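>>> generate coordinates for the sequence data below:
(one chain, ligands or ions: 1)
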Amino acid sequence: MRDLNELIIRMTLEEKVSLCSGLDFWRLKSIKRLGIPSVMVSDGPHGLRKQSDDAKYTDINNSIEAICFPSGVTTACSFDRDLLYRLGDVLGQECQAENIAFILGPSINIKRSPLGGRNFEYFSEDPYLTGELATTYIKGVQSHQVGTSLKHFACNNQENRRMTASSEVDERTLREIYLAGFEKAVKEASPWSVMTSYNRLNGIFTSESSYLLTDILRNEWGFNGCVMSDWGAVNDRVAGLKAGLDLEMPGSRGTNDAKIKRAIKNKTLSEEILNESIERILTKIFEYVDNKKEMTFNKEAHHQVARQLANESAVLLKNEGILPLSANDCQIAFIGEFAKTPRIQGGGSSHIKPYRVSSALDAVSEVGCISYAQGFVTDVDETQIDLLNDAVELAKSSDVAVIFAGLPDAFESEAYDRQHMKLPNCQNELIEKVCAVQSNTVVVLHNGSPVEMPWVNEVKGILEMYLGGEAVGEATIDLLFGHTNPSGKLAETFPLRLEDTPAYLSYQVIDDEIYYDEKLFVGYRYYDTKELPVLFPFGHGCSYTTFEYHDLVVSQTSMRDDESLTLSFKVTNTGSVFGKEVAQLYVQDLTSSVIRPIKELKNFEKVALEPGETKIITFELSQRDFAYYEVKISDWYVSTGNYHLLVGSSSRDIRLQTKIFIESTKSLPSKVTQNTTLGDLMKYKPLNKMISSVLEIMGEKNDNDAISKEMKLAMIQDMPIRALRSFKGVDNYMIETLVKTLNHLIN
Ligand code: BGC
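A predicted model of the protein is given here:
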């Protein structure tokens, strides 16, 4: 074990300060005389973007050749914790081989709107799924003694003005939606570092927020790694250091280092704070250095991992008996430029220079009966009439048309948001025209976020490949021809139209502020609560086989919130081919004590089943699965009452359900005032009986009453205590005494 304290004591102030910022864009500083080496970091998150020494930072796409794995939007649809571990595992190996100490990922911000320019890099609209997948990814990478940097903490949910805008979010929404994924990953996987976001949160830059970086991240969640800034995110370096920001990346060419030194000299910053930050940075540097392995990896083998990830993540959105295709018995037309040049990743800092890209056309070369027409040009909106006509002719003379459509690079990227949810006009027109002459049409999609599908009812099959990484071509052929049975499920809802989306009215930065007015109602939490029709719901995905859910059993139907219960059920493959099913568990709060989404994902499991095979799935549920964040106690709280446990194949396809009762063991702080209503008083257990009998008497109907007993009761329920003054014989003194006595009784 190294004695870091002793090392820090031997440092000059200049040396200490120097460690708090990067040497250049990708390296941390060294102190040779003390044996502290310079280590390197690299993007992330779905492959290495290690820039060579002579590449300019702004030359984003100039990095070493590496395996481009599918993006976060894609791998999230695998709903497969082990697969995300495997992704982390191969990335960790590649980091070791390329001398990278930290990979900058995973990226786990919540998809607040489908317009988010960086949605392709993020996992989901759901914090539970996000947290689970981030956890195993981190464990996979760190199993090789390489660090991760969990980013972007927090509330980077749009790209427009991301470096200055303030995300205005209430505490409960923050905890339940935007922090919960980070919380799980930090608590369960201990990432070596966390990267702050660029934006402000409720007015304060996240890189200067002691509330986020110290109170929540370190004190509440027990984070013991180092916090680094996003690239160029630092606003006030000294305020950041005080708040818990250890490392500034890439650095400010000495300006901010000098500010730290000055603050220590003039005693506005304690040297102790600086020492703590350095210790956290050094701990991780040496964890990497002391465990450095000589490692090589086989690029072809990792390419096959990329293929497996794409295979297990693609979502079969629709299939009216047209898929899988058969290579033997028909003429198949592949149409669309993406069949030749697939879109495999999004733009920005996560852009990988791929080792070997496979297109569907390359991968299908062994199948004899495929013909091809380009159909459209990928990066323009307008139809090229000759390309369209050729494609329609080809479709007409074939038995099946497979159209490879998708979003052009320029439509979605880091640093700016999308303008709309539409595919380019030329592609929509092509699909419509092909469907008019060919009833057997399938669409394969390459996109990083949902698109509107005006032709959804015209086509027989839709395969969502998202941004499938460099092996997407091989995976597409595996899936289209049934060598792999699709098993991905949507990690986000596909709305029908942009106007239906929950943040539609407020997803705009005005005066550098953006209000999260839809609060908890993000994604399916909104659509399902409002029962809005959607194009494809959260958790949806078809298979070439069928699954039956049966025999739901719970260990108890009533429990206290400090106990736990197990729920189990069986899933049977009732079709004729091998397949995998993602069973999802949602919880619905029936207590009506606070406003809550109609259901929330609390667990999931992907099971592999041979035809006719049955497996039992068991989930354990405890306090947090039923709780909401109660701001009155700054903690998670379970209301007493009934809850539904819903087991389904998607958020809109619930197959089994049961009801349980939970008794809370915590009580919320309560105070009776003159404005407490008679109905409110009934919520206090010790008063419950007494008040209900008083209400009964007061509600009683006289013969000459025009209003019913029920109406009277409802009116009295909402009457505040002070209103009793209007009754004969009740004076102010009596009211005050009553309030005092009631407070005494309930506390
Ligand atoms: C991105 C980070 C990335 C960093 C380094 C920033 O612009 O927001 O996610 O890790 O650049 O490339």
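
>>> now for the residue most central in space within the chain: which residues touch it?
With distances taken as CA atoms, centre = their mean, the residue of the chain nearest its centroid is S124 (3.3 Å). For S124, the contact set (CB atoms under 8 Å, 6 or more residues apart in numbering) comprises A76, I110, K111, T130, L133, A491, E492, G523. All C-beta spots, glycine's among them, are computed from the backbone N, C-alpha and C.

>>> swap in S650?
Here S650 is in contact with K489, L490, P537, F538, G539, H540, G541, Q584 (CB under 8 Å, 6+ apart).

>>> bridged to it, which residues?
When assigned by DSSP bridges, S650 has beta-bridge partners D653.

>>> measure it to the ligand for me?
31 Å (CB to the nearest ligand atom, to the nearest Å).

>>> how confident was the prediction at that residue?
If you check S650, the pLDDT there is 98.

>>> likewise for D705?
75.

>>> that older thread, what's the closest of the contacts of S124 to L668?
Minimum distance to L668 across the contacts of S124 is 27.5 Å, recorded for I110 (CB to CB).

>>> apart from its neighbours in sequence, what residue is nearest N642?
Spatially, and ignoring its direct neighbours in sequence, N642 is nearest to L590 (4.2 Å; CB to CB, 6 or more residues apart in numbering).

>>> same thing with T614?
T614 sits nearest to T572 (CB to CB, 6+ apart), 4.3 Å away.

>>> ok, L19 next?
In space, L19 is closest to I278, 5.3 Å off (CB to CB, 6+ apart).

>>> now for the one you found, how many residues are close by?
Here the count is done by other CB atoms under 10 Å, and I278 has 24 residues near it.

>>> now K396
13.

>>> the contacts of S124: which two are farthest apart?
Maximum distance among the contacts of S124 (CB to CB): 15.5 Å, for L133 and G523.

>>> helices or strands up against the top helix by length along the chain?
Longest helix in the chain, counting residues (DSSP state H): helix 271-289. Packing contacts for helix 271-289, counted by 3 or more CB pairs under 8 Å, 6 or more residues apart in numbering; DSSP states H and E, involve helix 4-9, helix 13-18, strand 147-153, strand 226-228, helix 237-243, helix 255-265.

>>> single out the most deeply packed of these.
Of all these, strand 147-153 has the most neighbours on average by mean count of other CB atoms under 10 Å, namely a mean of 28.

>>> anything in it near the ligand?
Yes - interface with the ligand: strand 147-153 contributes K151 (CB under 6 Å from any ligand atom).

>>> for the record, mean pLDDT for the helix or strand that that strand is followed by?
Next helix or strand after strand 147-153 toward the C-terminus (DSSP states H and E): strand 166-168. Averaging pLDDT along strand 166-168 yields 98.

>>> check stretch 613-622 too.
On average, stretch 613-622 scores 98.

>>> which helices and strands sit right next to the lowest-mean-pLDDT helix or strand in the chain?
Least confident helix or strand, the chain: helix 685-699 with a mean of 75, by mean pLDDT, DSSP states H and E. On a contact count with 3+ CB pairs under 8 Å, 6+ apart, helix 685-699 meets helix 678-681, helix 709-717, helix 732-746.

>>> buried ones in the second one?
Just to be clear, that refers to helix 709-717. By neighbour count with 16 or more other CB atoms under 10 Å, helix 709-717 contains the buried residues K712, L713, I716, Q717.

>>> ok, now the last one?
Of the residues in helix 732-746, those buried under the neighbour-count criterion (16+ other CB under 10 Å) are I735, V739, L742, I746.

>>> what angle do that helix and helix 685-699 make?
Helix 732-746 runs at 140 degrees relative to helix 685-699, counting by axes from the mean of the first three to the mean of the last three CA atoms, to 10 degrees.
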